[in-house]
Structure formats: C-alpha cells, structure tokens
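Colleague: The following block contains a protein sequence and its predicted model.
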Amino acid sequence: MSTITSRSRLLASVFGLALAFGATLAHAETPPNVLVVAQSIDDAVSFDPAEGFELTTVQSFNNLYQRLVQSNREDGTKIEPALAASWEPGSDGKSLTFALADAKFSSGNPVRPEDVVFSLTRAVKLNKSPAFILNELGWTADNVDGAVTKVDDKHVRLTWSADVGAGFALSLLTAPIASIVDEQTVAAEAKDNDFGNAWLKTNSAGSGAFTIATYTPHEALVLQANANSADKPKLESVIIRNVPDVSSRRLLVEQGDADIARGLAADQIDALKDKSGIKVLSVPSARSDYILINSKANETLGKPAFWEAARYLVDYNGIAKDLLRGQSNVHQAFLPVGFPGAVTDTPFKLDVEKAKKILADAGIKTPFKVEFIVFNDQPFLSIAQSLQSTFAKAGIELDIQPGVASDIYARGRSGKFEMTLRYWIPDYFDPHSNASAFAINRDNSTNTAAKYAGWVIPELTDETLAAVKEQDPAKRVALYQDLQKKIQASSPFVFMLQGNDQVVLSDKVKNYAQGLNADQVYYDKVEK
C-alpha cells in the first residue's frame, strides 16, 4: 500500500508540474520516466470501453485494457492472442471456445472466465454508442447471457445467432468495446444497475500496461504503469495534457516541455521538420473525414439533390494539398485505403456551376443558411472555413458554430444539428466495420452514422447484411465495392479525405508505435 501511495504522490507532483508548464510556458525538461503528450482531449466522453467512442478514449484503450484477441501492430488484418492463449472454432460455425492465458488486472485480481462473461454481457446490456459492434453477432440484452458462458476455470465459450463465420467474430473481438474489465472491481462501484459505468467514465480496471491515475476533464489524463502487467512498460507514467491551442502545442514540444505533440496545423509541421531535437512521424491513418447532413432537420437537407450539389461544393484538392499539405489525401468512399475492397476513384471535384444547376433543377431556392457545427480544433476549423467559402459561391451560407468536441458529438448523436464535419474511424479490420455504420439503418433502432443522418435505408441494410455473410472473399469484396459506389453517388454523407497523422516527437523519445487504426496507439515500449 505504501508503494502505491508514494507513486500516486509522485504522479500528483508531475501532474501539477505539467499544468504549470501550460500556465507559464516556461522551459522545463520533462522527467526521464514520464512521457508528456500535448493534444486536445476535449472530445473525451467516457473511458469505459463499453461507451468510449471518441479519439482520445479510443487511443487510450490499448494501453489500459486487453481483449481476448488483438490486431497485430504492424498488420492490423492479422489477429493474434492477447488474454486468450488459444481458441477453437466450433463445428457449428457459430461458436468459439477460448483458453485464457495467465494474466492479472491492475488490482492484482486474476483474469477469469467470469470477467470475460461480465465484460461482454455488460457492454451489450449498457447499449452505449459502440454496442452495435457486438450486436453484429446477433447479441442483444435479452440473449447475451446465454451467448457468453464459462466452460471451466480456464475456458469461456462464445456463441452467436448471426449468419457470420468465426473469422468475422474474431475481428469484432479486436474492437475496444470487447476489452475485458475486472468484474470484482467494477461491480463494487456499480450504482443504480449501471454495471459500474459511472465509475469507469473516469477510472480504469484493466490488465493493460497502464492504469488511469488521474483524469481531470478538459485538463489532463495521467496514466500510471500497471505493476501487475505481464509486459511492464518502460515508463512510470504518461501525461496526456489538454492543450486546445495548436500554437501552444508546438511551443511546448519545441521547448522540451512536451515529448509528443499531436494535431498540429500544416504550417507548424513545416516549421518543425528541420528543427534540431525534433522529429516528425507521418503515419497512414484509416480516419475518414466527411460531411454529415441531417436529412430530418428540414425539407431542403432531406433532398438527395442537396446531397448531390454538396459533393460539387468541396475543394477537395485545395483542402488536401494547399490547406492540409500532407495531413490528408483526397478519398471519396467510406472504406479507407488499406482495407479490402476500398474504392479509390474520385468522381467529384469543385464545380460551383454544376452544383447551382442541380439545386435549381430540384427547385431548391438560394440563398439560404445552414447551421454547421464543428469541433473547435484543427484541422476541422480550417476545413470548415474552406467549405464555408465554396458553399457560399452557390448561395449556401454555412453558419460555422465551433464547440467542444464532446458537445458536438452529443448533438450529432441526438440529431440536434443540421450539418456537421465529422471523422469516422474503423472499429476493427474488416470492411463491415464502416459499412455497418454508413449502410445500415432499417428503423433507427441501432446507433449508426446513418441513424444520426436520419437516413432510413432498409434495402441497403439488407445488402450490407448479405455482404457480411458472404464467405467467398472475391464476391464479398465486390459487394462492399457496390455499397461504396451507391453511397458515394447518393447519401447524406460527403466523403472527402483520408487522414495521414503527423506526430511531432522529441528525438529523445524511442519506440513510439502507432498503427493504421485509431486505437493502435501504444505507449508500453516507449522510453526516453
């Protein structure tokens, strides 16, 4: 107990020191056993893996939790053991039995089949934003108890009713929502039948390399090394500081007050590329940037003609090449490059006159104003300003309303918006990860991007469900390509860009790893 107390005091001291850096911007070398990261964390809603669905929280989960299986760090399409030492598909094609490896949670409790059962069933029953991922197996609050069961003290069995194979089920189990939490710790914190959700919003109970020591919303997240981790991290702690101003992020990493800075603007990246003591990492990302139109907000926004016109009011090349300068590439389909079946053609370009004609032919009178809510952060504000300029040429005034990311997310999920600029990150390495978000919405019963757009699409939903069932790889790819083409042609989504993350690091930082998908951020091997 005394060791934990002294460690907490050390972290509290470092936490206070980090905040002091932000207040004074005074030069102060970061401690050798502490990694300080400067970025925006205003999007964080919950650090419960059954709920967290934002960039900050998703980036934390691989450091706090483990799943039964995981994506390979270098090649996300390869699935490898994590908490499961091995697994065996059932002869019925709709079950998997996992043998658990020896592991401990940060509390010291051993990882048991009961923890797997608790974690997966609670995620389904809570039915938060990412629950639709596990719903793909046919799991619901009513049937999940019978679908996830303990076999013995080292084995757990998963069954499903959906017409999908074991390979797809394994892909789903690599998603953050499938993280395994410590039942004994979490259940003790449960209130009002919330399965410990309120407590896990700001705490952790995993078996990953780190545990949450301190979280102060809109200020900082402090991760502490998990002494019970099988692979102990090289660092004592990681401090992820909320620095909303990108100029301050640049200054912090330039002066040595931060070891890593994320989300810098293109001109700041250019200024740092040749800076002594600094290195810029360029990491391909599966992030898709798109415009989300609320088709139920008013009659005009519900017209396919407006969606079509919007596609010709985006300066795709100008944003990618001139504005973002290497931070994104033009991409106009919902599957990112790097995923099987990604459509890479770019049929749309800025054409104001064509957009005007589409609007006029549909009887849409201009000028008119559209409320445009965006994250109060880069590059979203710069992209929004570019869109505001080009849409105005067709008589559409985009009323940019910046807001804290967590608030923008909440408005988007509740349908309280007209138009917004969003990004989408796959939850697992399979084409269905994105297809299930953009091409499924039979009756507004599942939390998908299509639902947020108010776009009910029973026929496309059937086609998407047929694609995930297809066992022939070539036919399956063709089905997803067809879905992309249809949504590319007409939908309340305007896909614009695929990200390329530029991360600025002190040259003292060694072994930082980041993969194609957003959750593939790893601090366990980092050393200074």
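Modeller: Sure thing, it's come through.
Colleague: C-alpha from now on. contacts and neighbour counts both.
Modeller: Fine.
Colleague: Now for the residue lying closest to Leu421 once chain neighbours are set aside: which residues touch it?
Modeller: Among residues not flanking Leu421 along the chain, Ile291 sits closest, at 4.7 Å (C-alpha to C-alpha, 6 or more residues apart in numbering). Applying C-alpha atoms under 8 Å, 6 or more residues apart in numbering to Ile291 gives the contacts Met419, Thr420, Leu421, Arg422, Pro492, Phe493, Val494, Phe495, Met496.
Colleague: now with 10 Å?
Modeller: 307, 310-311, 314, 372, 384, 387, 419-423, 492-496 (C-alpha atoms under 10 Å, 6 or more residues apart in numbering).
Colleague: Kindly report the same for Ala474.
Modeller: Pro340, Gly341.
Colleague: which SSE is it in?
Modeller: Taking DSSP states H and E as the definition, one finds Ala474 inside helix 473-489.
Colleague: Quick check: buried residues in that helix?
Modeller: Arg476, Val477, Leu479, Tyr480, Gln481, Asp482, Leu483, Gln484, Ile487, Gln488, Ala489 (16 or more other C-alpha atoms under 10 Å).
Colleague: Adding pLDDT and distance to Lys273, write those residues out as CSV.
Modeller: Formatted as CSV, those follow (pLDDT from 0 to 100; distance: C-alpha to C-alpha, whole Å):
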residue, pLDDT, distance to Lys273
Arg476, 94, 42
Val477, 95, 39
Leu479, 97, 42
Tyr480, 97, 39
Gln481, 98, 38
Asp482, 98, 41
Leu483, 98, 40
Gln484, 98, 37
Ile487, 98, 38
Gln488, 98, 36
Ala489, 97, 39
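Colleague: how long is stretch 299-312 end to end?
Modeller: 20 Å (C-alpha to C-alpha, to the nearest Å).
Colleague: Now find how far off-centre that stretch is within its chain.
Modeller: In terms of C-alpha atoms, centre = their mean, to the nearest Å, the centre of stretch 299-312 is found 27 Å from the chain centre.
Colleague: Go through the chain and flag its longest strand.
Modeller: As assigned by DSSP state E, the longest strand anywhere in the chain is strand 278-293.
Colleague: Against which helices or strands is the strand or helix carrying Arg241 packed?
Modeller: In this structure, Arg241 sits in strand 237-242 according to DSSP H and E. Packing partners of strand 237-242 (3 or more C-alpha pairs under 10 Å, 6 or more residues apart in numbering; DSSP states H and E): helix 2-24, strand 34-39, strand 210-216, strand 220-225, strand 260-261.
Colleague: Give the buried residues for it.
Modeller: Buried residues in strand 237-242 (16+ other C-alpha under 10 Å): Ser237, Val238, Ile239, Ile240, Arg241, Asn242.
Colleague: Export the longest strand of the chain to CSV, keeping only CA atoms.
Modeller: Extracted in CSV, the C-alpha atoms of strand 278-293 (Å, rounded to 0.1, in the frame of the first residue of the first chain):
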residue,chain,number,x,y,z
ILE,A,278,12.6,17.3,-33.2
LYS,A,279,11.3,14.5,-35.5
VAL,A,280,8.0,14.3,-37.4
LEU,A,281,6.4,11.0,-37.8
SER,A,282,4.0,10.5,-40.7
VAL,A,283,1.6,7.7,-40.0
PRO,A,284,-1.1,6.5,-42.5
SER,A,285,-4.5,6.6,-40.9
ALA,A,286,-7.8,4.8,-41.5
ARG,A,287,-9.6,8.0,-40.4
SER,A,288,-12.2,9.2,-42.9
ASP,A,289,-13.3,12.9,-42.9
TYR,A,290,-16.8,13.6,-44.1
ILE,A,291,-19.7,15.9,-44.0
LEU,A,292,-22.8,14.6,-42.2
ILE,A,293,-26.1,16.0,-43.2
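Colleague: need the buried residues of helix 473-489 in a markdown table with distance to Ala131, can you?
Modeller: Formatted as a markdown table, the buried residues of helix 473-489 follow (distance: C-alpha to C-alpha, whole Å):
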| residue | distance to Ala131 |
| --- | --- |
| Arg476 | 24 |
| Val477 | 25 |
| Leu479 | 24 |
| Tyr480 | 22 |
| Gln481 | 25 |
| Asp482 | 26 |
| Leu483 | 23 |
| Gln484 | 23 |
| Ile487 | 23 |
| Gln488 | 26 |
| Ala489 | 29 |
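Colleague: quick check, nearest of these to Arg325?
Modeller: Gln488 (24.5 Å; C-alpha to C-alpha).
Colleague: Let me know the secondary structure of the residue nearest to that closest one when sequence neighbours are not counted.
Modeller: Nearest residue to Gln488, sequence neighbours excluded (C-alpha to C-alpha, 6+ apart): Ala333, at 6.0 Å. Assigned state for Ala333: coil (three-state reduction, DSSP: H, G, I helix; E, B strand; the rest coil).
Colleague: Now do Ala333: how many residues are near it, please.
Modeller: Ala333 has 28 neighbours, counted by other C-alpha atoms under 10 Å.
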